[in-house]
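Asks: Output the structure for:
(2 chains)
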Amino acid sequence: MSEIADKVKKIVVEHLGVEESKVTPEASFIDDLGADSLDTVELVMAFEEAFNVEIPEDAAEKITTVKDAIDYIEKQKVA
Amino acid sequence: MDVSNRERAGLLLSAGLNSERRRVVVTGMGIVGPLGLGVENVWSRLTAGESGIGRITQFDPSDLPAQIAGEVPQGPTSEGKLTLEEWVPVKDQRKMDRFIHMGLVAATEAVEDSGWKPQSEEDKCRTGVMIGSGIGGLQTIYDASITVHEGRARRLSPFFIPSALINLVSGHVSIKYGFQGPNHSVVTACATGVHAIGDAARLIMFGDADVMVAGGAEATVCPLGIAGFCSARALSTGFNETPQTASRPWDKDRDGFVMGEGSGVVVLEEYEHAKARGAKIYGEIIGYGMSGDAYHITAPAEGHYGAYRAMRAALQSAGLNTSDIQYVNAHGTSTMADDMELEAVERLFGDDARTLAMSSTKSATGHLLGAAGAVEAIFSILAIRDNVAPPTLNLDNPSRESVIDRVAHTAQQRQINVALSNSFGFGGTNASLIVRGV
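Replies: Residues are numbered from 1 along each chain as shown, chains lettered A, B, ... in the order given. Okay, here's the model as predicted:
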C-alpha cells in the first residue's frame, strides 16, 4: 500500500473512530463507516491539511469511499 | 389596574391552575460537578462539609487575578470522579463543547436513575428535554475565533456551530434516548437551571408532555470565562492561596464568587404517570415564580425586590404561606448581593424567618452559573428526603446579623417538608422553585 493510502486510512480511523480492518478501499464513509454529512466535510478538511492539497467542493462531493480519496490525492500529488 | 387588582388577578390565575393542574414529580436525578460524579456521592460530600474548590488545572491561570475554580474531578467512576469516555464516546467528544459533555453525563445519570426507557413511539413523543446553559460553548468559540483570525476560516470544523449552541445538550439527549417530545432550552444566565426545571414542569402541567428531562449545564472554567467575569469584578481574587475558603456567602470577608462547572439534571414526570409505572418519587415541584429587576445589567436593586417578587410568586403558585417553608437554598454567590437576598427573604418571611434555615451550597461547589439552579434544586429535594440542611462553609463572621439560621460550617438535622430554591441572573432575571416530599 502506498504512503498516501496509509495516511488516508489513518485519518479515517482517527476521525470516524472505526476499526482499522473496516477501512477497506471500497468502504463508503457514510454507508459502511458510520459517517454523516458533517463527518465527511471534516474528513475532506483533514485530507487537505494532511496532504497540503486543495479539494474544491464539487470534487469533495464525489469522494465517497476510501479509494476515491486515495485516488484523488494521488492524482493531485502527481500533477 | 391598580396593584391590588393585579395581585388578585395573579392569585385567581394560580388558583385556576391549581384546581385542574397536573402534578409534577421528580423521578430521576443526576449531578456532575466540583464535588464529583453522582447524586449520592455529591450529597454525602456536601453534607460532610467538604469543598470542591481548588487551583485551576484546565489551563495555567497565572496571568489572571482569579486562579481558582470548582472543577469536575477526573478519575475512576468508583471514586465518584469523571472518566468522560465512559459517558461520551471519544469520537463524539470533539463534536461537542465541554458543557455538552457535562449535560450528557448528568442527563444520562438522571435518565438511568428514573428507569424511564420508553419503547413505543407514543411514549417517546410524550417525553421531552429542556436543558439550558448560561453561556454555552465558550472555549469552542474561542478556539474557532483563533482559527478564523489566523486566516484559516476554510479550516473551521463543521462541528463548530453545533458544538457551541446552547440547545444542543437537549438535542444530544433527545438523540441518545429517542425522546421526541418538546425539545427546548433555557438561557437566563445564572437563573437558567431553575427556569429550565420550572418551565419544563409547566409543560407537563399544561399537557405538552408527560415526562421532561430538565436542568442546566456549564463549562466556562476557561481563560475567556475567567477573564470575562474577572473584568466584570465578579470573581473572588483574594483567596488564590487558600481556595477552599474563597466561597464564603454572607461572610464579611467575601470578595466575589468562585466559578464552578458541571451539570444538574432531573427527570420530571406527571404524578399519575410515575405512579402507574411504579417509579421511585423523590419529591414534587409545587411552586415556581419569576420576576425581572428592570434595573441594572449585573447588579440587583437595593432591597432586592426582584428576588422578593419571584419568591412571593412561587409561594402563590404553590398556594402556600411562608410558615410552610423550612429551608431555603439561597442564590448566595459570595458577593455583595448576598445580603440583599437575605434582606428580601427576611422581608417576605417576617416572623417565620425565625424558624427558617437558609444556606448557600455555592460555598462548597462554587457557582455553576447556568447549572447552579438545577444542582441546587436537587440539593433542596435531598434536604427534604434526609431532613438535613446542607451547610454554608466559611461563614465565620456574617457581614449582617439575621434571625435566619444560615447553617454555618456544618450540616444540621432539621425537619424539612418544603424547600425553596433561589436563582438570580445577570440582566436582572429572578426565579424561585418550591419542592416538597411526596
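Asks: who's in contact with B:Val148?
Replies: B:Leu156 (CB atoms under 8 Å, 6 or more residues apart in numbering or on different chains). The way it works is simple: take the backbone N, C-alpha and C, and place the C-beta from them, glycine included.
Asks: Write out the residues of chain A neighbouring chain B.
Replies: Proximity of chain A to chain B (CB under 8 Å from any CB of the partner chain) is limited to residues A:His15, A:Leu16, A:Gly17, A:Leu38, A:Val41, A:Glu42, A:Met45, A:Glu48, A:Glu49.
Asks: With adjacent residues omitted, what lies nearest to the third one?
Replies: It stands for A:Gly17. Leaving aside its chain neighbours, A:Gly17 sits nearest to B:Lys91 (2.8 Å; criterion: CB to CB, 6 or more residues apart in numbering or on different chains).
Asks: Helix or strand next in line after whatever helix or strand A:Asp6 lives in, which one?
Replies: Using DSSP states H and E, A:Asp6 sits in helix A:3-16. Where DSSP H and E defines the elements, the next helix or strand beyond helix A:3-16 is helix A:37-51.
Asks: List the contacts of that following helix.
Replies: Residues outside helix A:37-51 that contact it (CB under 8 Å, 6+ apart) are A:4, A:7-8, A:11-12, A:15-16, A:29-30, A:35, A:53-55, A:60, A:63-64, A:69, A:73, A:76-77, B:95, B:154-155, B:157-159, B:162.
Asks: The residue nearest to A:Gly17 is in contact with A:Leu16, isn't it?
Replies: Yes - assessed by CB atoms under 8 Å, B:Lys91 is found in contact with A:Leu16 at 6.6 Å.
Asks: what about those two, which has more around it?
Replies: Taking neighbours as other CB atoms under 10 Å in any protein chain shown, B:Lys91 and A:Leu16 compare with A:Leu16 leading, 21 against 15.
Asks: excluding its backbone neighbours, what's nearest the more buried one?
Replies: A:Leu33 (5.1 Å).
Asks: what about the one you found, how many residues close to it?
Replies: 23.
Asks: Before we move on, what's the pLDDT of it?
Replies: In this model, A:Leu33 is scored at 97, pLDDT.
Asks: Would you mind giving the secondary structure of whichever residue of chain B sits closest to chain A?
Replies: Per CB to the nearest CB, B:Lys91 is where chain B lies closest to chain A, at 2.8 Å. What DSSP: H, G, I helix; E, B strand; the rest coil gives for B:Lys91 is helix.
Asks: Separate out the buried members of the contacts of helix A:37-51.
Replies: The neighbour-count criterion (16 or more other CB atoms under 10 Å in any protein chain shown) marks A:4, A:8, A:11-12, A:15-16, A:29, A:35, A:55, A:60, A:63-64, A:69, A:73, A:76, B:95, B:157-159, B:162 among the contacts of helix A:37-51 as buried.
Asks: Near chain A, which residues of chain B are found?
Replies: By CB under 8 Å from any CB, the residues of chain B that approach chain A are B:Pro89, B:Val90, B:Lys91, B:Asp92, B:Lys95, B:Arg154, B:Arg155, B:Ser157, B:Pro158, B:Phe159, B:Pro162.
Asks: Select, from the residues you listed, the two members most distant in space.
Replies: Maximum pairwise distance among the residues of chain B next to chain A (CB to CB): 27.6 Å, between B:Pro89 and B:Arg154.
Asks: Report the contact partners of the residue nearest to A:Leu16.
Replies: Contacts for A:Leu33 (CB under 8 Å, 6+ apart) come out as A:Val12, A:Leu16, A:Val18, A:Lys22, A:Val23, A:Ala27.
Asks: again, only this time at 6 Å
Replies: Taking CB atoms under 6 Å, 6 or more residues apart in numbering or on different chains, we find A:Leu33 in contact with A:Leu16, A:Val18, A:Ala27.
Asks: Quickly name whichever of these is closest to chain B.
Replies: Among these, A:Leu16 lies closest to chain B (CB to the nearest CB), at 6.6 Å.
Asks: Just the element for the residue nearest to B:Gly283 when sequence neighbours are not counted, please.
Replies: Sequence neighbours aside, B:Ile381 is the residue nearest to B:Gly283 in space, at 4.2 Å (criterion: CB to CB, 6+ apart). Assigning secondary structure by DSSP H and E places B:Ile381 in helix B:372-386.
Asks: Toward the C-terminus from that helix, list the very next helix or strand.
Replies: Criterion used, DSSP H and E; the element after helix B:372-386 is strand B:388-389.
Asks: Give me the distance from that following strand to the chain's centre.
Replies: Strand B:388-389 has its C-alpha centroid displaced from the chain centroid by 18 Å (CA atoms, centre = their mean, to the nearest Å).
Asks: That strand pairs with which strands, and in what direction?
Replies: The pairing partners recorded for strand B:388-389 under DSSP bridges are strand B:412-413 (antiparallel).
Asks: and after the strand it pairs with, which helix or strand comes next?
Replies: Next along from strand B:412-413, by DSSP H and E: strand B:418-425.
Asks: Need the residues that contact that next one.
Replies: So strand B:418-425 is contacted by B:188-191, B:194, B:324-325, B:327-331, B:373, B:376-377, B:380, B:383-384, B:430-436 (CB under 6 Å, 6+ apart).
Asks: Could you pull up the residues touching B:Ile31?
Replies: B:Val39, B:Val42, B:Ala106, B:Gly264, B:Val375.
Asks: just A:Pro25 next, same as before
Replies: Residues near A:Pro25 by CB under 6 Å, 6+ apart: A:Val66, A:Lys67.
Asks: And the pLDDT for it?
Replies: At A:Pro25, pLDDT is 96.
Asks: Let me know the pLDDT of the residue nearest to B:Gly283.
Replies: Note for B:Ile381: predicted pLDDT of 98.
Asks: So it versus B:Val39, what's the distance?
Replies: 10 Å (CB to CB, to the nearest Å).
Asks: And for B:Lys117?
Replies: Here B:Lys117 is placed at a distance of 19 Å from B:Val39 (CB to CB).
Asks: Please enumerate the strands of the stretch 1-150 of chain B.
Replies: Along the stretch 1-150 of chain B, counting by DSSP state E, counting those that start in this stretch, strands occupy B:24-33, B:36-37, B:54-55, B:68-69, B:127-132.
Asks: Point out the most buried one among those.
Replies: strand B:127-132 (a mean of 32; mean count of other CB atoms under 10 Å in any protein chain shown).
Asks: Which strands or helices does it pack on?
Replies: helix B:168-177, helix B:192-205, strand B:211-218 (3 or more CB pairs under 6 Å, 6 or more residues apart in numbering or on different chains; DSSP states H and E).
Asks: hmm, try it at 10 Å
Replies: Helices and strands touching strand B:127-132, by 3 or more CB pairs under 10 Å, 6 or more residues apart in numbering or on different chains; DSSP states H and E, are helix B:98-114, helix B:168-177, strand B:183-184, helix B:192-205, strand B:211-218, strand B:262-270, helix B:372-386.
Asks: now these in TSV, with mean neighbour count and distance to B:Gly70?
Replies: What follows is these, written out as TSV (neighbours: other CB atoms under 10 Å in any protein chain shown; distance: least, CB to CB, whole Å):
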stretch	mean neighbour count	distance to B:Gly70
helix B:98-114	27	12
helix B:168-177	22	19
strand B:183-184	18	27
helix B:192-205	28	15
strand B:211-218	35	11
strand B:262-270	32	8
helix B:372-386	28	11
